[in-house]
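S.K.: Got a sequence here, can you model it:
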Amino acid sequence: MTDTRKRFNPKQSPGNGGGSLAGFAAELLTTPECREAVGQVFSEVVAGWASGSRLRKSVARPVAWAVSRGASRHGGAHDPDGIAKVFSNPDYCQALVKQLPAMTGGMVSMLHAMVLHLETLPPEGKADFVDDIVSQANSGKMGEVFTSLARTACDLQTSDPTFFSKRVLTLLASFIETADFGELREFLDHSRKDLAALATGVNELAFENPAKLVLLLSAIPDASNFLLVFTEDLLKRFADLPPDVLSDILLTFFKEIDGQTLGQLVDRANEIVRLVHTGSSLIGDAGSPQFTSDLREKLRVAAAEVDPELFFKASNALIDGREAVVKTALDVTGENPELLLLHLKHLSARKNSNIRLMKHRLEILETLPEEDVARALADGLSGWNGYDLAEALNLAAYTANTLKATNPDAVEQTMSDFFGALDLQEVEETLTWLAKDVGKAARPLIRVAAPILIKEVLGCLTPEDDGNDEPIAEAFTMLCRTITGKEAR
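M.R.: Numbers count the residues shown, from 1 in each chain. All right, here's what the predicted structure looks like:
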């Protein structure tokens, strides 16, 4: 008699499209790894049940043996990579994805229980636990996973270079189309106080436990030291390379930079700056760009909250700190004579570089058409604001005169302190040889320039009836008396 009853097939349960969780579990239990795990669990359960009773032990022993043997038998129909096959079934994956939200809570609870148990283990047990995890992790498989993903992405981009961008842009377009940015803006506006309260609350919680805060912040030096060690080792390995190899590597990186895009970026940035400057002038008041007005107002509000005395105390502290750093660096340099001597030897390197750059700039100007250069220089000189420069000089003179009027001895005392501290013998010796050396070296220039300058100066001192003739005549009299010992006629 034929059995017409239908067997339940978990792979094809109703409503699951051939990919139910029951089918997934059934397939998973047929894999060697799961059968071995089930066998171990069952053996431990049977051993616990049979403990303390001879009768139970006699019954449990063959049962545990049979289960263990069945679990360890691969059964020719099963692939050693059965778990990978199970997870490669798209129907099972889709069923798992649908259940992920419900499974997440259970997985978190399970992980929490495992972590609590791990915490109770002695150091050796914890080390064994970590070693077991590391030994079970198949780094080769992980590498294959990432390689496979990269290969898949490469294949997709080979057939369609904009494969991912199209899909990402589609998602972004859908988001932009459906999202209400007004509501988002309103949410951000309403979140300001909430975010401020959150930041304040986080700080309060942190400072309620200062010891924990200190321990947390103490990780910053460790992270910095890690970056320092990593950078130092990386640079050391680069320094160990032959010069040609190192240069080739760096130049290869440099060549890969898109110069055209870089130039366009600079050009766009320049255009943005120009547009903002022009727009600020257009929307601002006459003679006062909007940026200037907004900046003034912002600084005025900020300055009202700044303690001036504390500000300058902090500034002076930074100046003192800089001085201490420079002094310490100089002291360390003085302790290393070779470093100091090399510094003095190469003192002119930067100046020489600037001189060469100026010379090259002038050489380039020499190659340009003379009319264009002259026109450009004329435009540049006419762009100088001589009025403001003169006003600045006037204000400086006014400030100096005010200082002299309110405190007549201040400048004289400062100058007296300066000149009084000079070693006149050393200064005399320096000026003596310096004047001789400069005069000898610059003799051709002086013979050419001095007559021109003297003629122009004397020409400017001729009588002109401008109120300055009398002081000029007195100066000539004193000069003549000094030179000839006689009065000027």
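
S.K.: So, low pLDDT: which residues of this structure?
M.R.: Scanning the chain with the threshold set as pLDDT under 70 gives 1-46, 48-50, 52-61, 63-89, 92, 94-103, 136-140, 486-489.

S.K.: ok, residue 319 to residue 331 distance?
M.R.: 19 Å (C-beta to C-beta, to the nearest Å). (C-beta placed from N, C-alpha, C; glycine too.)

S.K.: Spell out for me which residue occupies the centre of this protein.
M.R.: residue 227 (13.2 Å; C-alpha atoms, centre = their mean).

S.K.: Quick one: residues in contact with the strand or helix carrying that residue.
M.R.: Using DSSP states H and E, residue 227 falls within helix 219-239. Residues outside helix 219-239 that contact it (C-beta atoms under 8 Å, 6 or more residues apart in numbering) are 246, 249.

S.K.: Now the element after that helix, going C-ward?
M.R.: Helix 219-239 is succeeded, C-terminally, by helix 243-256 (DSSP H and E).

S.K.: Pull the distance from that next one to the chain's centre.
M.R.: Distance of helix 243-256 from the chain centroid (C-alpha atoms, centre = their mean, to the nearest Å) equals 23 Å.

S.K.: If you compare the directions of it and helix 219-239, what angle comes out?
M.R.: Going by axes from the mean of the first three to the mean of the last three C-alpha atoms, to 10 degrees, helix 243-256 is angled at 110 degrees with respect to helix 219-239.

S.K.: Helix 243-256 packs against which elements?
M.R.: Applying 3 or more C-beta pairs under 8 Å, 6 or more residues apart in numbering; DSSP states H and E, one finds that helix 243-256 contacts helix 219-239.

S.K.: Would you mind putting the CA coordinates of the helix or strand where residue 362 lies into CSV?
M.R.: Using DSSP H and E, residue 362 falls within helix 349-367. The C-alpha trace of helix 349-367 is given here as CSV (Å, rounded to 0.1, in the frame of the first residue of the first chain):
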residue,chain,number,x,y,z
ALA,A,349,71.1,80.0,1.9
ARG,A,350,67.7,81.6,2.2
LYS,A,351,68.9,85.1,1.3
ASN,A,352,70.7,83.7,-1.7
SER,A,353,67.5,81.9,-2.8
ASN,A,354,65.5,85.1,-2.6
ILE,A,355,68.1,87.0,-4.5
ARG,A,356,68.1,84.3,-7.3
LEU,A,357,64.3,84.5,-7.4
MET,A,358,64.4,88.3,-7.7
LYS,A,359,67.0,88.0,-10.4
HIS,A,360,65.0,85.4,-12.3
ARG,A,361,61.9,87.6,-12.1
LEU,A,362,63.8,90.5,-13.6
GLU,A,363,65.3,88.3,-16.3
ILE,A,364,61.7,87.3,-17.3
LEU,A,365,60.7,91.0,-17.4
GLU,A,366,63.7,91.6,-19.7
THR,A,367,62.3,89.1,-22.2
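
S.K.: continuing past it, what's the next helix or strand?
M.R.: Helix 349-367 is succeeded, C-terminally, by helix 370-382 (DSSP H and E).

S.K.: and that following helix, how far from the chain's centre?
M.R.: With C-alpha atoms, centre = their mean, you get 42 Å for helix 370-382.

S.K.: chain center to the next helix or strand after it, what's the gap?
M.R.: Using DSSP H and E, the helix or strand that follows helix 370-382 in sequence is helix 386-406. Its chain's C-alpha centre and that of helix 386-406 lie 44 Å apart, by C-alpha atoms, centre = their mean.

S.K.: Against which helices or strands is helix 386-406 packed?
M.R.: helix 408-420.

S.K.: Tell me which helix or strand comes right after the helix it packs on.
M.R.: Following helix 408-420 in sequence, per DSSP H and E, is helix 424-441.

S.K.: May I see the buried residues of the helix holding residue 227?
M.R.: Neighbour counts over helix 219-239 (16 or more other C-beta atoms under 10 Å) mark no residue as buried.

S.K.: Now it - C-alpha only, CSV.
M.R.: Only the C-alpha atoms of helix 219-239 are listed here, as CSV (Å, rounded to 0.1, in the frame of the first residue of the first chain):
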residue,chain,number,x,y,z
ALA,A,219,44.5,58.1,25.8
ILE,A,220,45.2,61.2,23.7
PRO,A,221,49.0,61.0,24.3
ASP,A,222,48.9,57.3,23.6
ALA,A,223,47.2,57.9,20.3
SER,A,224,49.6,60.7,19.5
ASN,A,225,52.6,58.5,20.3
PHE,A,226,51.1,55.8,18.1
LEU,A,227,50.9,58.3,15.2
LEU,A,228,54.4,59.5,15.9
VAL,A,229,55.8,55.9,16.0
PHE,A,230,53.9,55.0,12.8
THR,A,231,55.0,58.2,11.0
GLU,A,232,58.6,57.8,12.1
ASP,A,233,58.8,54.1,11.1
LEU,A,234,57.1,55.0,7.7
LEU,A,235,59.6,57.8,7.0
LYS,A,236,62.5,55.5,8.1
ARG,A,237,61.5,52.9,5.6
PHE,A,238,61.2,55.5,2.9
ALA,A,239,64.7,56.8,3.9
